[in-house]
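Participant: what's the 3D shape of this:
(one chain, ligands or ions: 2)
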Amino acid sequence: MSLNLLTNCKQLDKDFLYENKVYLCNLKKIQMEAIRNIAIIAHVDHGKTTLVDKIMYHCHLFRDNQNTGDLILDNNDLERERGITITSKNVSVVYKGTKINIIDTPGHADFGGEVERVLNMADGVCLLVDAFEGPMPQTRFVLQKAIDLGLKPCVVINKVDKENCTPEEVHEKVFDLMYELGAEEWQLDFPTVYGSAKNNWMSDDFNVITENIEPLLDMVLTHVPAPKVSEGTPQMLITSLDFSSFTGRIAIGRLERGVLKEGMPISLVKRDGKITKSRIKELHTFEGLGRKKVQEVIAGDICAIIGVEGFEIGDTIACFENPEALQTIAIDEPTMSMLFTINDSPFFGKEGKFVTSRHIRDRLTKELEKNLAMKLGETDSADKFMVFGRGVLHLSVLIETMRREGYELQIGQPQVIIKEIEGKKCEPIEELTIDLPDSLSGRAVEFVSIRKGEMLSMEGKGERMIVKFNIPSRGIIGLRNQLLTATAGEAIMSHRFIGYQPYKGDIPGRNNGSLISMENGKAIPYSIDKLQDRGKFFVDPNEDVYEGQVIGENSRSDDMCVNVTKMKKQSNVRSSGNDEKARIIPPIKFSLEEALEYIQKDEYVEVTPKCIRLRKIYLTETDRKRFKI
Ligand SMILES: Nc1nc2c(ncn2[C@@H]2O[C@H](COP(=O)(O)OP(=O)(O)OP(=O)(O)O)[C@@H](O)[C@H]2O)c(=O)[nH]1
Ligand SMILES: [Mg+2]
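Facilitator: Ligands and ions are numbered 1, 2, ... in the order given. Take a look at the predicted model:
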């Protein structure tokens, strides 16, 4: 945990009592029917979490002089490091006597499953759109889900402080998009506010800067309907789960109908219709950043239930005597798979705590409980698991989390899921948007075309160009790296799955082969220096390497075995050139995603709490020849 975050947390703890008092005072004013449940949805980085910060400040969840920092809800390590939201979060505020339950959602396409799931708790959405970028691929995806679920959209055109932004045009585009997505008339009649979450203001008119974000909150109160509550026995769809080491698993969802009470017996209707009986031990509602124990919850509110056993997301908590199930949650299928296997490299067990196949299986099974867009498949070996997900980032976040928890494992090259549809081999296709400096757009088109992408449109915006393509998901793997290198980090790309289409033919792989270590031992600086004209290295001088490890990239297209463990021959004569003169170029260090996108079919990424190494699946050259992959 970063130091900053730690101090933040301590500060939060200290002020918890104070906040609770303020909160309870506010709460007294609430009439229970005054509830609004909203989800904040948008494309990645359009400012959702920043806006939720400002809402929390405005509704006095913190003391005026309390410094809680930015992006309060992006509170796990990975979210902080990457500056993106990965899991959705619930908070609640009280505004003008109404309790607003707010669900902050992730914007990256790989976490779309998370958004689909939590939208089931909302009655309305705040759709944020960047006033410069306009609707982007994920805007479309999340809006489609919200429209399909019959939620009321409220539009927030954010970042109007940006230079060259076009709020009016963006507003029109949002309308067109909604129309295209089949919104009904009452949805098309959406209210809009403009503003800058970062600068803490929202307004009905983007030319009129206001003092705060009240216009947005007023919009929510006026236009998002209070939860529809029908008469009858209790019904709650379990939409999320949480875990506490004291009380075990906690079921979270919105109570659709009836009343739930502490100690009450209930029925749990599983997704497949089976019914088990259970009892509610404790009930909580969301209050501020945390939760509060309550005696009873009435329909419309979002609550957390402790004590129900054997539940899964998508099950219904219903009346003990006459249980009636709600429609369960449907989520789009995964499009990508990766092989997870135990680490069998010579460095096995040196750096990790959890290394056996049972450890890995248990951890993966636990993940499936809450990560609905992920699936687990068996293989012919007890040590290997096929994990299916929505994209490289979706799976790599899990791998990175496991690595930090002390797991050691190896991952195979990401594969897209190929399907046979009407006798034809079909593959997932995505819409890809690349936003880059005008002068470099030619390069981007070239890269994408090689990867079987077809250009759909090209639109200039100031000095930048927005190019849209349809491209097989296969072609996207590794593209980000290539584009960033070619554009000196200037390209921004995002993609969205659109459907399956007939297979587009072979896509050429990496141009360069691997440099493979021939021996176990230390990488001697002298040897690295001698081999530098053969390619680029991934290992540091004096790092331990093993036979079969991929230690660099060959400048040619084939693989080459090299010996970096060779010492310089000792001689009596002092040579004029010695080791100190060796000028070793710093090695290339891959992030986990880069490594996963880099490897070939016959390679693994070895992931341990300390290292990310690349290796050949078969470590010796004879094996590689014998079992050609
Ligand atoms: N110029 C400008 N920048 C903003 C505004 N609102 C947010 N940002 C910046 O945009 C970046 C992304 O903001 P976040 O709030 O993390 O965006 P998000 O939508 O939560 O992103 P994900 O959760 O990863 O989808 C941050 O650097 C913010 O400071 C705004 O109104 N104007
Ligand atoms: Mg966010």
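Participant: so which residues on the stretch 51-200 of the chain come close to ligand 1?
Facilitator: Proximity of the stretch 51-200 of the chain to ligand 1 is assessed by CB under 6 Å from any ligand atom, with 71, 84-85, 106-108, 158-159, 161-162, 196-198 identified as the residues in range. C-beta here means a position set from N, CA and C on the backbone, and glycine is covered the same way.
Participant: include pLDDT, neighbour count and secondary structure when you put those into CSV, please.
Facilitator: Rendered in CSV, the data for these read as follows (pLDDT from 0 to 100; neighbours: other CB atoms under 10 Å; DSSP: H, G, I helix; E, B strand; the rest coil):
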residue, pLDDT, neighbour count, secondary structure
Leu71, 82, 18, coil
Ile84, 92, 20, coil
Thr85, 93, 26, coil
Pro106, 94, 27, coil
Gly107, 92, 27, coil
His108, 91, 22, coil
Asn158, 97, 30, strand
Lys159, 96, 25, coil
Asp161, 95, 16, coil
Lys162, 93, 15, coil
Ser196, 96, 24, strand
Ala197, 96, 24, coil
Lys198, 95, 16, coil
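Participant: which parts of the stretch 1-150 of the chain are helices?
Facilitator: With DSSP state H, counting those that start in this stretch, the ranges of helices along the stretch 1-150 of the chain come out as 3-14, 16-28, 48-58, 77-82, 112-118, 137-148.
Participant: ugh, typo on my part, it should be the stretch 351-500 of the chain
Facilitator: With DSSP H, counting those that start in this stretch applied, the stretch 351-500 of the chain shows helices at 357-370, 392-405, 441-450, 473-476, 479-486, listed in chain order.
Participant: so the nearest residue to Gly548 once chain neighbours are set aside is in which element?
Facilitator: On the basis of CB to CB, 6 or more residues apart in numbering, the spatially nearest residue to Gly548 that is not a chain neighbour turns out to be Leu619, at 2.8 Å. For Leu619, there is no helix or strand it lies in under DSSP states H and E.
Participant: contact partners for Phe111?
Facilitator: Thr85, Ile86, Thr87, Ala373, Arg390, Leu393, His394 (CB atoms under 8 Å, 6 or more residues apart in numbering).
Participant: between those residues, which is closest to ligand 1?
Facilitator: Thr85 (3.0 Å; CB to the nearest ligand atom).
Participant: so who does the closest one touch?
Facilitator: Lys48, Thr49, Leu73, Asp74, Glu79, Asp104, Thr105, Pro106, Gly107, His108, Phe111.
Participant: for the nearest residue to it once chain neighbours are set aside, list the residues it contacts.
Facilitator: Setting aside the residues directly before and after it, Thr85 is nearest to Pro106 in space (CB to CB, 6+ apart), at 4.2 Å. Contacts were defined as CB under 8 Å, 6+ apart; by that measure Pro106 touches Val44, Ile84, Thr85, Ile86, Thr87, Ser88, Glu114, Val115.
Participant: what residues does this structure have near ligand 2?
Facilitator: Lys48, Thr49, Thr85 (CB under 5 Å from the ion).
Participant: export these to TSV and tack on distance to Arg291?
Facilitator: Compiled in TSV, the residues of the chain next to ligand 2 are given as follows (distance: CB to CB, whole Å):
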residue	distance to Arg291
Lys48	22
Thr49	20
Thr85	20
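Participant: helix, strand, or coil at Glu168?
Facilitator: Under DSSP: H, G, I helix; E, B strand; the rest coil, Glu168 falls in the helix class.
Participant: can you report how many residues lie near it?
Facilitator: Around Glu168 sit 12 other residues, with neighbours defined as other CB atoms under 10 Å.
Participant: and the gap between it and Asp110?
Facilitator: When CB to CB, to the nearest Å is applied, the distance between Glu168 and Asp110 equals 32 Å.
Participant: go on, Val229?
Facilitator: Going from Val229 to Asp110 by CB to CB gives 35 Å.
Participant: what number of residues lie near Phe347?
Facilitator: Close neighbours of Phe347, defined as other CB under 10 Å, add up to 20.
Participant: ok, it - contacts?
Facilitator: In this structure, Phe347 makes contact with Asp544, Tyr546, Glu606, Thr608, Arg613, judged by CB under 8 Å, 6+ apart.
Participant: looking at those residues, which is nearest ligand 1?
Facilitator: Proximity of these to ligand 1 (CB to the nearest ligand atom) peaks at Thr608, which lies at 27.7 Å.
Participant: report the beta-bridge partner residues of the nearest residue in space to His359 that is not next to it in sequence.
Facilitator: What sits nearest to His359 in space, not counting adjacent residues and going by CB to CB, 6+ apart, is Tyr407, at 6.7 Å. For Tyr407, the beta-bridge partners are Phe354 (DSSP bridges).
Participant: Tyr407: how many residues sit nearby?
Facilitator: Using other CB under 10 Å as the criterion, Tyr407 is surrounded by 22 other residues.
Participant: just checking, Lys54 touches Glu214?
Facilitator: No. Between Lys54 and Glu214 no contact is recorded; they are 10.7 Å apart, counting by CB atoms under 8 Å.
Participant: the more surrounded of the two?
Facilitator: Per other CB under 10 Å, whichever of Lys54 and Glu214 has more neighbours is Lys54, with 21 against 16.
Participant: burial check on Lys366, number of neighbours?
Facilitator: Per other CB under 10 Å, the neighbour tally for Lys366 reads 11.
Participant: next, count neighbours for Asp204.
Facilitator: Burial of Asp204, expressed as a neighbour count using other CB under 10 Å, amounts to 15.
Participant: swap in Met56?
Facilitator: Counted with other CB under 10 Å, Met56 comes out at 20.
Participant: start at 25, not 1
Facilitator: In the new numbering, first residue 25, that becomes Met80.
Participant: and it, what is it in contact with?
Facilitator: The contact partners of Met80, taken as CB under 8 Å, 6+ apart, are Phe86, Ile96, Val115, Val117, Gly312, Leu313.
Participant: repeat that for 7 Å
Facilitator: Taking CB atoms under 7 Å, 6 or more residues apart in numbering as the definition of contact, the neighbours of Met80 are Phe86, Ile96, Val115, Val117.
Participant: swap in Asp626?
Facilitator: When the contact criterion is CB under 7 Å, 6+ apart, the partners of Asp626 are Lys640, Ile641, Ile653.
Participant: can you select the buried ones from the residues you listed in ChimeraX?
Facilitator: To isolate the buried subset of these in ChimeraX, counting by 16 or more other CB atoms under 10 Å, use the following:
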select :640,641
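Participant: inside strands: which ones of the contacts of Asp626?
Facilitator: Lys640 (DSSP state E).
Participant: what's the neighbour count on the nearest residue to Glu630 once chain neighbours are set aside?
Facilitator: Of all residues not flanking Glu630 in the chain, Arg637 sits nearest, at 4.4 Å (CB to CB, 6+ apart). Neighbouring residues of Arg637 were enumerated by other CB under 10 Å; the total is 24.
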